[in-house]
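Undergrad: fold the following.
(chains A and B)
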Amino acid sequence: MNRKLPFPELERIYDELAQAIDQCGIENESELLCKIILCLANEHCDGNRVSQIIAECLNEGSITTSERIKTMRLI
Amino acid sequence: MHHPNLQPNPSSYYDYQVFPFIRPAEMDTAPNTTQAHPVAIVGAGPIGLVLAILLAKQNIQVSLIESEAQVCGGSRALALTKRSMEIIEQTGVSAEFLKEALVWSEGFSFYRGQIVHHLDMPFSADDKFAPMTNLPQCNMEGILVEQARALGVDLRFQTRLNALTQGTDHVALTLDTPEGEYELKAQWVVGCDGARSSVRKLQGLRFEGQSFESRFVIADFKIDIDAPTGRRCYFDPPWLPGHSVLLHKAPFGVWRLDYQVPEDVSDEVALDPQRIHKHIQAHLDYIGVSAPWKIEWTTLYKPNTLTLPSYRHNRVLFCGDAAHLLPVFGVRGMNTGVQDSINLAWKLAAVVNEQASPDILDSYSAERIADARQICQDAGRSTRMMAPPSRGYRVLQKAVLALSVNHSFPRGLLHWRTSRPIDYADSALTFKDASETQFSTGPAPGAPARNVQIGEQQFLLDCFQYSFQVLVFGDNLRALKQAYADVLELRQHGIAIQLIHLDSAPQQTSGLADIYLHDPSSHAATLWDAKEGAIYVLRPDQHVCTRWKPTSETRVKEIIQALLTAIPLQAKPI
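TA: You can find the predicted model right below:
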């Protein structure tokens, strides 16, 4: 995943997405996010890449991939 | 009667002095017989002290009123930005600050044992000061009190403001002391009395903006840890899941831990010493530090992005936390306040000295509110990342942190958006000359001056007094002579102004400038986009008022006159 979106746009999307989640309520949160992803996938026109991103995001937060930042001291 | 605490605050590193109450002349004089003081400042914290010192440097008599008998307890505002140190230099105590301070330029954010964001703030050879300087606020205040005294500021400790009445030509303050009340009249009053400002309350003014629900415990503790100075942020540490923690190194072997208080914990429980002890130990265990430690000072903090809608209310003005409350993430509190002080001091002095109309004080309010609003926007973002205010933001924070472990694209969202100097480009006091289009770099109109190393341990800003500066670059003798004539004329009207000539020629040949700076490799001229010659007019707060190329017919005296009469934007000399 290379950064393609200009950073101010990323900041704006961050806020919009957070506010959309608040607006839809916890019970509709997953559906909202799925709808957004399906719409973006439809516009992305690269199903394989979308599948790849889904697989990657399933493991996000783990520290196993090659792109991770080197483990360092905590101080 | 007002009786402040006279027991020195406990501290392992600062020797608190209790300042006595000194009975003022007003207490032994019949009411309505005393003349109004030019300026009274309420609050002798760093903002009030910097303002008082800068006014005193312009020969303005200042009465500085402080309810306490000693400087503040604890480290409080710990970190000063480079710009703040440049302002502190104007007060004449930057060297004193640096004697004990720690400087730093790096910050790290940790998540699940990984560094997910690394900020390395630029530090150029042309910068005199490091990006960040850490010194406890009590030490800063102690140094500033000494400087204020040396400059003849009338410091009135143990004096609490009880009432305030605005008249047509003065403000009457009712002040309470250990020996009873008295009235002090001042032409101008500045509220620098912090977040719980009495001046603001007595004026019945309210903040606008956003108050966040999250709270943070701030705990200073003494410990010997061999680690560099810097900002360390820990998201979701195992001992405080779902919350954020900050760790800062202060001088004197003191470290500061700021940690978020869970929603279901009351303020009282959060400040329970045993609980704080447990949390500090838990964090030290988490980061692998086993050294013994001792608590120094604790407090509870709530981030806000609030500002008054105006910092001028007739003859009462507001500076620092009395005017705006900003989150500490990104070192915005005091660093914003000292920019208020340096902005206000020259304008207020010009009004008191009858060199400018009181309308110029509205530009103080406009310029500084624009800054506060921008900071509220920036700080709001960093606060929402540090302490998400809703489920939506919590989901986003978690997602960004998880993605940041393996991907670089979202890491910028973890940036805490450090306090930065404001640009007054849109101010009514900023003029764009017709030749402005010929500049491509250099400090633009409204921007703060750019420092330049001009010799070993010598910097351009070292030469600046707290006065207007005219910088003439190049060997254009006509331009220099014109600037010199204008400077002389302005001085005849009592305006403090300094003429600085920078040129690549080996020695001063004109004898016209107050200061000649040899710029052999045209390094300064390059950074100021003045290799072909240029004139800059700077305000006393070191912001560029305007600049022009040698082709322009603009004159220094016209600019200073326009600036002091605060002519509106549409009348800009273009």
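
Undergrad: my read: B:Leu205 touches B:Thr307, true?
TA: No. Taking contacts as CB atoms under 8 Å, B:Leu205 lies outside contact range of B:Thr307: 10.9 Å. (Glycine included, C-beta is placed from N, CA and C.)

Undergrad: more crowded one of these two?
TA: Neighbours per residue, other CB atoms under 10 Å in any protein chain shown: of B:Leu205 and B:Thr307, the larger number sits with B:Thr307, 23 against 18.

Undergrad: hey, what's the more buried one bridged with?
TA: Beta bridges link B:Thr307 to B:Glu208, B:His324, judged by DSSP bridges.

Undergrad: near chain A at all, stretch B:240-257?
TA: Yes. Using CB under 8 Å from any CB of the partner chain, stretch B:240-257 reaches chain A at B:Leu247.

Undergrad: dump stretch B:530-543 to CSV, restricted to CA.
TA: Below are the C-alpha coordinates for stretch B:530-543, written out as CSV (Å, rounded to 0.1, in the frame of the first residue of the first chain):
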residue,chain,number,x,y,z
ALA,B,530,18.1,39.7,-1.1
LYS,B,531,21.1,39.0,-3.2
GLU,B,532,20.1,41.7,-5.6
GLY,B,533,19.4,44.1,-2.7
ALA,B,534,16.3,44.4,-0.6
ILE,B,535,14.8,46.3,2.4
TYR,B,536,12.9,44.6,5.1
VAL,B,537,10.9,46.5,7.8
LEU,B,538,10.3,44.3,10.9
ARG,B,539,8.0,45.0,13.8
PRO,B,540,9.4,44.8,17.3
ASP,B,541,8.0,41.3,17.6
GLN,B,542,10.3,40.3,14.7
HIS,B,543,7.5,39.7,12.2
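
Undergrad: list the buried residues of it.
TA: B:Ala530, B:Gly533, B:Ala534, B:Ile535, B:Tyr536, B:Val537, B:Leu538, B:Arg539, B:Pro540, B:Asp541, B:Gln542, B:His543 (16 or more other CB atoms under 10 Å in any protein chain shown).

Undergrad: could you do stretch B:357-375 as well?
TA: B:358, B:360-372, B:375.

Undergrad: what's the answer for stretch B:285-299, then?
TA: The neighbour-count check on stretch B:285-299 (16+ other CB under 10 Å) flags B:Tyr286, B:Ile287, B:Val289, B:Trp293, B:Glu296, B:Trp297, B:Thr298 as buried.

Undergrad: how far off centre is it?
TA: Here the centre of stretch B:285-299 is set off from its chain's centre by 30 Å, with CA atoms, centre = their mean, to the nearest Å.

Undergrad: and if you look at stretch B:494-506?
TA: 27 Å.

Undergrad: which helix of chain A spans the most residues?
TA: helix A:7-24 (DSSP state H).

Undergrad: next SSE after it?
TA: helix A:29-44 (DSSP states H and E).

Undergrad: can you confirm whether that following helix lies near chain B?
TA: Yes. Contact of helix A:29-44 with chain B (CB under 8 Å from any CB) involves A:Glu29.

Undergrad: how about the strands of the stretch 101-250 of chain B, start to end?
TA: B:102-104, B:106-111, B:114-120, B:132-134, B:154-156, B:160-166, B:171-177, B:180-191, B:208-211, B:215-223, B:231-235, B:244-249 (DSSP state E, counting those that start in this stretch).

Undergrad: partners of the second one in the sheet?
TA: Partner strands for strand B:106-111, per DSSP bridges, with pairing direction: strand B:114-120 (antiparallel), strand B:231-235 (parallel).

Undergrad: using CSV, write out every CA atom in the longest one.
TA: Read it as strand B:114-120. C-alpha atoms of strand B:114-120 as CSV (Å, rounded to 0.1, in the frame of the first residue of the first chain):
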residue,chain,number,x,y,z
GLN,B,114,6.9,-0.9,18.0
ILE,B,115,7.8,2.7,17.0
VAL,B,116,5.0,3.7,14.7
HIS,B,117,5.9,7.3,14.3
HIS,B,118,9.3,9.1,14.6
LEU,B,119,9.5,12.8,14.4
ASP,B,120,12.9,14.4,13.9
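
Undergrad: give me the contact list for the strand or helix carrying B:Leu317.
TA: Using DSSP H and E, the element containing B:Leu317 is strand B:316-318. Taking contacts as CB atoms under 8 Å, 6 or more residues apart in numbering or on different chains, the residues outside strand B:316-318 that touch it are B:164, B:166, B:171, B:188-192, B:197, B:199-200, B:203, B:308, B:311-312, B:344, B:348, B:361, B:364-365.

Undergrad: can you tell me the centre-most residue of the chain?
TA: In the absence of a named chain, this looks at chain A. A:Cys57 (7.2 Å; CA atoms, centre = their mean).

Undergrad: that's the wrong chain, I wanted chain B
TA: Central residue of chain B (CA atoms, centre = their mean): B:Val338, at 2.3 Å.

Undergrad: just to check, B:Val487 is in contact with B:Ala496?
TA: No. Taking contacts as CB under 8 Å, B:Val487 lies outside contact range of B:Ala496: 10.4 Å.

Undergrad: with just CA atoms, put stretch B:226-233 into CSV.
TA: Written as CSV, here are the backbone C-alpha positions of stretch B:226-233 (Å, rounded to 0.1, in the frame of the first residue of the first chain):
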residue,chain,number,x,y,z
ASP,B,226,20.0,7.0,31.0
ALA,B,227,18.0,8.0,27.9
PRO,B,228,18.0,11.0,25.6
THR,B,229,15.6,13.9,26.0
GLY,B,230,12.6,13.7,23.7
ARG,B,231,8.9,13.1,23.6
ARG,B,232,7.6,9.5,23.9
CYS,B,233,4.1,8.6,23.3
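
Undergrad: buried ones in that stretch?
TA: B:Thr229, B:Gly230, B:Arg231, B:Arg232, B:Cys233.

Undergrad: ok, and the closest non-adjacent residue to the residue of the stretch 101-250 of chain B found nearest chain A?
TA: Using CB to the nearest CB, the single residue of the stretch 101-250 of chain B nearest to chain A is B:Ala227, 4.8 Å away. Spatial nearest neighbour of B:Ala227, excluding adjacent residues (CB to CB, 6 or more residues apart in numbering or on different chains): A:Ile75 at 4.8 Å.

Undergrad: show me what contacts the one you found?
TA: Applying CB under 8 Å, 6+ apart, the residues near A:Ile75 are B:Ile225, B:Ala227, B:Arg232, B:Leu247, B:Ile287, B:Gly288, B:Val289.

Undergrad: where does the chain have low pLDDT?
TA: You didn't pick a chain, so chain A it is. A:1-3, A:61-72 (pLDDT under 70).

Undergrad: if you could check chain B rather than the one you did, that'd help
TA: Checking chain B against pLDDT under 70 turns up B:330, B:419, B:507-509, B:566-574.

Undergrad: pull the longest helix from it.
TA: Secondary structure assigned by DSSP H gives helix B:360-386 as the longest helix of chain B.

Undergrad: which pair in the buried residues of stretch B:285-299 spans the largest distance?
TA: B:Tyr286 and B:Trp297 (22.1 Å; CB to CB).

Undergrad: could you report the neighbour count for residue 16?
TA: Since no chain was named, I'll use chain A. Quick note: A:Glu16 (other CB under 10 Å) scores 12 neighbours.

Undergrad: the chain in question should be chain B.
TA: Using other CB under 10 Å: B:Tyr16 sits among 17 other residues.

Undergrad: gap between whichever residue of the stretch 151-300 of chain B sits closest to chain A and B:Ile60?
TA: Nearest residue of the stretch 151-300 of chain B to chain A: B:Ile287, at 4.1 Å (CB to the nearest CB). Going from B:Ile287 to B:Ile60 by CB to CB, to the nearest Å gives 49 Å.

Undergrad: swap in B:Ser552?
TA: From B:Ser552 to B:Ile60 the distance is 34 Å (CB to CB).

Undergrad: which one's more surrounded, these two?
TA: Counted by other CB under 10 Å, B:Ser552 and B:Ile60 do not tie: B:Ile60 has more neighbours, with 21 against 18.

Undergrad: this completes my enquiry, with thanks.
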